[in-house]
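Any chance you could fold what I've pasted below:
(one chain, ligands or ions: 1)
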Amino acid sequence: MSVTVETPVSSLPLPLPAHFSHAEQSFSLKKRRLPFSSSSGSPCSSPSRLSHSLPPLPPSKGCNSVSRFFPQHQSPWTPLSTSLAKSPPPDSVYDPQKQPSFFRQCFSDLGLLGRGSFGEVYKVRSNIDGLLYAVKRSAQRFRGNSERNRCVREARNHEQLCPHPHILDFVAAWEERGRLYIQTELCSTSLLLHAENKRPGPDEAAAWAYLCDLLSALHHLHSRGFVHLDLKPANVLITNSGRLKLGDFGLLLQLQQTNMEEKKMEEAQEGDPRYMAPELLSGIYGPAADVFSLGVSILELACSIEVPNGGDGWQKLRRGFLPSEFTNSLSHELQAVLRMMLAPEPSQRPTVSELLAFPSVRKQRWKRIIYLTIAEAMLTLTSLCQKVYCVGCRLLSFCMSFLPWGSKPVPCTPSKESCDRDLTLSVSCLLTDSESPEDDAVFLPPTDPEISPTFLHRVRSVESTSTPRPLSPSVVHTPTHSSVGDWSSSHLASTPSSIHSKGSCLTLTPSGSPLHHRSAHGSRRSLHLSSTTSSNPLTLRWMEKGDDVTRSTLEPKNLLSLFEETSLQGEL
Ligand SMILES: Nc1ncnc2c1ncn2[C@@H]1O[C@H](COP(=O)(O)OP(=O)(O)OP(=O)(O)O)[C@@H](O)[C@H]1O
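Down below sits the predicted model:
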């Protein structure tokens with residue numbers, strides 16, 4: 001396919017969907033995420049922050065909104081995935097006679113990772129294999145059979161698509177009390193949040209990396225006769241190594257023909273208007289729509305801009321105009337690729353296979369493969385080293401217990417399991433607005449609330465506010481540690497926040513420095529999670545530099561704690 005610099009521009013403006021009426025009119029530079037509203041549990045809304053407003057709920061097609069006409073699904077739980085139907089949890093883990101739900105019996109250590117228009121996503125530890133996962137629960141009970149069927153189809157399609165290195169790993173899906181649960185692999189955050197937490201400004205290298213990963217994911221989908229129809233940074237997850245994984249298959253569509261031609265589809269739904277291909281407005285669905293959405297996503301990420309969801313800017317982008325004031329800083333190669341992906345006519349856009357064959361894309365893909373191989377090898381190595389270190393510490397502790405002075409317990413770096421278990425923190429206030437607490441109390445507020453990794457960006461937003469925001473003294477955290485794998489990953493993935501765990505004291509730091517905040521009187525404050533009692537809960541608190549709190553809390557003193565204390569003071 002030849003590279004067209006000028007794409008033909010149709011003179012007639014495209015019809016705008018009705019819900020674009022309050023839309024943003026043009027492109028604008030990306031702004032940093034606003035503080036998370038603790039009361040609502042959602043980002044503060046602002047007209048200029050439309051990329052954080054949730055897309056409109058997809059219309060519920062063909063289902064009656066009055067739920068009493070439909071039988072409630074009262075069975076304890078129904079497996080919806082082949083994996084779960086074939087190997088249900090053992091009796092030792094799940095006992096249907098017991099009161100707690102399937103979810104509560106099979107999973108523990110809950111923390112809210114995020115909310116979308118479909119539902120809530122929790123970080124969990126499986127009581128079956130002891131590993132960490134993400135579980136997405138639909139916010140609403142099924143309002144009828146068509147809605148239920150759509151959810152079941154989503155789960156089955158997702159299961160069918162796995163495994164692939166750039167598709168979010170599917171583990172299981174089930175239905176319980178009229179809600180859908182999808183268990184997937186746990187990632188570190190979404191691409192949207194990851195991109196927002198980076199330094200503002202164009203980042204072409206990252207854009208190429210994202211393009212390569214997502215082209216690979218789309219290639220997998222399209223070659224199996226599926227179209228995603230909702231590709232956007234919020235639906236892409238990023239692993240500890242920085243690998244992108246395409247997720248959220250709620251609008252996934254299986255095309256009838258194997259040759260993947262565009263087709264008018266009655267049952268298909270369009271996704272987020274900001275990333276939507278123009279032909280979807282005419283009801284033409286095909287793989288080219290995904291290419292367009294990927295083009296918009298890469299444009300947004302490469303130039304660090306907000307893409308419009310209506311108005312002139314929206315129209316222009318769908319008529320082949322790229323915002324040159326932003327794209328001029330990109331290389332000609334990337335500009336050319338974007339221009340082709342954003343061609344107004346679906347037939348003018350290259351297919352994913354054609355894009356993967358472009359010399360510029362092939363070159364970048366090789367770089368990406370090498371980078372990911374090294375990053376993932378380093379992560380594995382680091383976690384191995386940590387395990388060895390843990391075993392060493394335990395052995396040392398065991399040996400010291402035979403020495404005459406060895407009666408006192410020797411603090412030891414916790415095992416990887418406890419590290420992993422405790423990495424996720426949750427905030428209880430985010431868990432308390434379940435619509436019917438009795439029936440839906442699958443996620444009881446944990447006694448020791450934790451903060452999820454995605455909560456870090458919200459904590460960071462505290463830093464940017466002008467007035468000090470005292471943290472609630474009731475926010476008491478379980479002992480929390482980041483596994484070495486997770487620390488290094490955050491560096492590898494260029495995530496600007498990291499957690500440094502030094503024995504019993506843990507410091508949240510953006511970009512590797514302590515999270516500082518200037519108080520009204522100008523003194524520097526650091527946000528610490530510090531050990532405060534002998535039972536060792538960690539309390540999130542503001543500490544003035546020079547406060548002696550940490551020193552007094554590191555008891556009992558011994559060689560290891562003295563060493564930790566010294567290194568901590570060095571950091572301060
Ligand atoms: N597997 C996962 N691992 C880690 N975090 C996840 C995972 N899945 C989702 N999340 C987090 O939960 C948030 C909400 O996810 P969800 O897919 O429900 O919503 P969304 O895609 O942002 O919105 P929508 O469903 O409206 O498109 C995400 O933004 C992400 O931060």
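
okay, now Ala336: neighbour count?
Look at Ala336: counted by other Cβ atoms under 10 Å, it has 16 neighbours. Using the backbone N, CA and C atoms, a C-beta is placed for each residue, glycine as well.

same question, Gln97
Neighbouring residues of Gln97 were enumerated by other Cβ under 10 Å; the total is 5.

now do Phe398
Taking other Cβ under 10 Å as the neighbour definition, Phe398 ends up with a count of 12.

what do you get for Gly320?
When neighbours are defined as other Cβ under 10 Å, Gly320 has 18 of them.

Pretty sure it sits against Ala343.
Yes. If you go by Cβ atoms under 8 Å, Gly320 and Ala343 touch, sitting 6.4 Å apart.

What helix or strand is Ala172 located in?
Take DSSP states H and E as the rule and Ala172 turns out to sit in strand 170-176.

typed the wrong thing, it's Leu110
With the criterion set as DSSP H and E, the secondary-structure element containing Leu110 is strand 107-115.

Just after that strand, pick out the following helix or strand.
Proceeding N to C from strand 107-115, the next assigned helix or strand is strand 119-126, under DSSP H and E.

Quick check: mean pLDDT of that following strand?
Averaging the model's pLDDT scores along strand 119-126 yields 93.

helices or strands up against it?
Where contact means 3 or more Cβ pairs under 8 Å, 6 or more residues apart in numbering; DSSP states H and E, strand 119-126 is packed against strand 107-115, strand 132-138, strand 179-184.

And the residue in the chain positioned nearest to the ligand, what's its pLDDT?
When distances are taken as Cβ to the nearest ligand atom, the chain approaches the ligand most closely through Gly116, which lies 2.0 Å from it. According to the predicted model, the pLDDT of Gly116 comes to 82.

Would you quantify the distance from it to Gln269?
Spatial separation of Gly116 from Gln269 under the definition Cβ to Cβ, to the nearest Å is 15 Å.

repeat for Pro96
As judged by Cβ to Cβ, Pro96 and Gln269 stand 36 Å apart.

If you count surrounding residues, which of these two has more?
The residue with more neighbours, out of Pro96 and Gln269, is Gln269; 16 against 10, by other Cβ under 10 Å.

So that one is in contact with Leu229, correct?
Yes. Between Gln269 and Leu229 there is a contact under Cβ under 8 Å: 7.1 Å.

between these two, what contacts are shared?
Residues within reach of Gln269 and of Leu229 at once, by Cβ atoms under 8 Å, 6 or more residues apart in numbering, are Leu251.

what angle sits between the strand holding Ala172 and strand 179-184?
Orientation note: strand 170-176 sits at an angle of 170 degrees relative to strand 179-184 (axes from the mean of the first three to the mean of the last three Cα atoms, to 10 degrees).

With only the CA atoms kept, save strand 170-176 in CSV.
Backbone C-alpha positions of strand 170-176 (Å, rounded to 0.1, in the frame of the first residue of the first chain) are rendered in CSV as follows:
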residue,chain,number,x,y,z
PHE,A,170,-8.8,-15.0,31.0
VAL,A,171,-9.1,-17.3,34.0
ALA,A,172,-12.7,-18.0,34.8
ALA,A,173,-16.2,-16.5,34.6
TRP,A,174,-19.3,-17.2,36.6
GLU,A,175,-22.7,-15.8,37.5
GLU,A,176,-23.8,-15.3,41.1
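
which ones are touching Phe107?
Counting by Cβ under 8 Å, 6+ apart, Phe107 touches 124-127, 133, 135.

just the buried members of these?
Under a neighbour-count criterion of 16 or more other Cβ atoms under 10 Å, the subset of the contacts of Phe107 counted as buried comprises 124-127, 133, 135.

hmm, which two among those residues are most spread apart?
Distance extremes for the buried ones among the contacts of Phe107: the farthest pair is Asn127 and Val135 at 12.6 Å, using Cβ to Cβ.

How many neighbouring residues does Leu84 have?
Neighbours of Leu84 using other Cβ under 10 Å come to 21.

thought it was touching Glu175?
No. With contact defined as Cβ under 8 Å, Leu84 and Glu175 do not form a contacting pair (10.5 Å).

quick one on the thing from earlier: deepest of the helices and strands packed on strand 119-126, which one?
Mean neighbour counts were compared across these using mean count of other Cβ atoms under 10 Å; the top stretch is strand 179-184, at a mean of 24.

Give me the contacts around it.
Against strand 179-184 from outside (Cβ under 8 Å, 6+ apart): 80, 103, 119, 124, 126, 133-138, 140-142, 148, 151-152, 154-155, 158, 168-175, 247, 440.

again, but for stretch 150-161
Stretch 150-161 has contacts (Cβ under 8 Å, 6+ apart) with 80-83, 138, 142, 167-168, 170, 173, 175, 180, 182, 184, 220-221, 224, 226, 249-250, 252, 254.

returning to what we had before: of all the helices and strands packed on strand 119-126, which one comes closest to Arg339?
Shortest separation from Arg339 across those is recorded for strand 107-115, at 33.3 Å, computed as Cβ to Cβ.

quick one: strands adjacent to that closest one?
According to DSSP bridges, strand 107-115 has the following sheet partners: strand 119-126 (antiparallel).

what angle separates the partner strand from strand 132-138?
150 degrees.

and strand 119-126 with the ligand, contact?
Yes. Contact of strand 119-126 with the ligand is found when judged by Cβ under 6 Å from any ligand atom, involving 119, 121.

Point out the residues in the chain that sit beside the ligand.
Counting by Cβ under 6 Å from any ligand atom, the residues of the chain lying close to the ligand are 54-55, 113-119, 121, 134, 136, 168, 184, 186-187, 189-190, 193, 234-235, 237, 248, 454.

repeat that with 8 Å
For the chain, the contact set with the ligand under Cβ under 8 Å from any ligand atom comprises 54-55, 113-121, 123, 133-134, 136, 168, 184-190, 192-193, 230, 232, 234-235, 237, 245, 247-248, 250, 271-272, 452-454.

which strands and helices sit next to the helix or strand hosting Leu294?
Secondary structure assignment for Leu294, by DSSP H and E: helix 287-303. For helix 287-303, the elements it packs on are helix 204-223, strand 226-227, helix 324-327, helix 332-341, helix 352-357, judged by 3+ Cβ pairs under 8 Å, 6+ apart.

looking just at contacts, which helices and strands does the helix or strand following it meet?
With elements assigned by DSSP H and E, the helix or strand that comes after helix 287-303 is strand 305-306. For strand 305-306, the contact count by 3+ Cβ pairs under 8 Å, 6+ apart identifies strand 28-29 as packing neighbours.

Please name the strands paired to the helix or strand just after the strand it packs on in the sheet, noting orientation.
Next along the chain after strand 28-29, taking DSSP H and E as the criterion, comes strand 78-79. Strand pairing for strand 78-79, determined by DSSP bridges: strand 170-176 (antiparallel).

and the partner strand, what's its mean pLDDT?
Averaging pLDDT residue by residue across strand 170-176 gives 94.

Outside of that strand itself, list whatever touches it.
Counting contacts by Cβ under 8 Å, 6+ apart, the residues outside strand 170-176 that touch it are 73, 76-81, 83-84, 101-103, 133, 148, 151-152, 155-156, 158-159, 161-162, 180-185, 442.

give me that answer again for 7 Å
Residues from elsewhere that reach strand 170-176, judged by Cβ atoms under 7 Å, 6 or more residues apart in numbering: 73, 76-81, 83-84, 101-103, 133, 155, 158-159, 162, 180-185.

likewise stretch 205-213?
Defining contact as Cβ under 7 Å, 6+ apart, one finds that stretch 205-213 is touched by 166, 191, 243-244, 298, 301-302, 334, 361, 364-365, 368.
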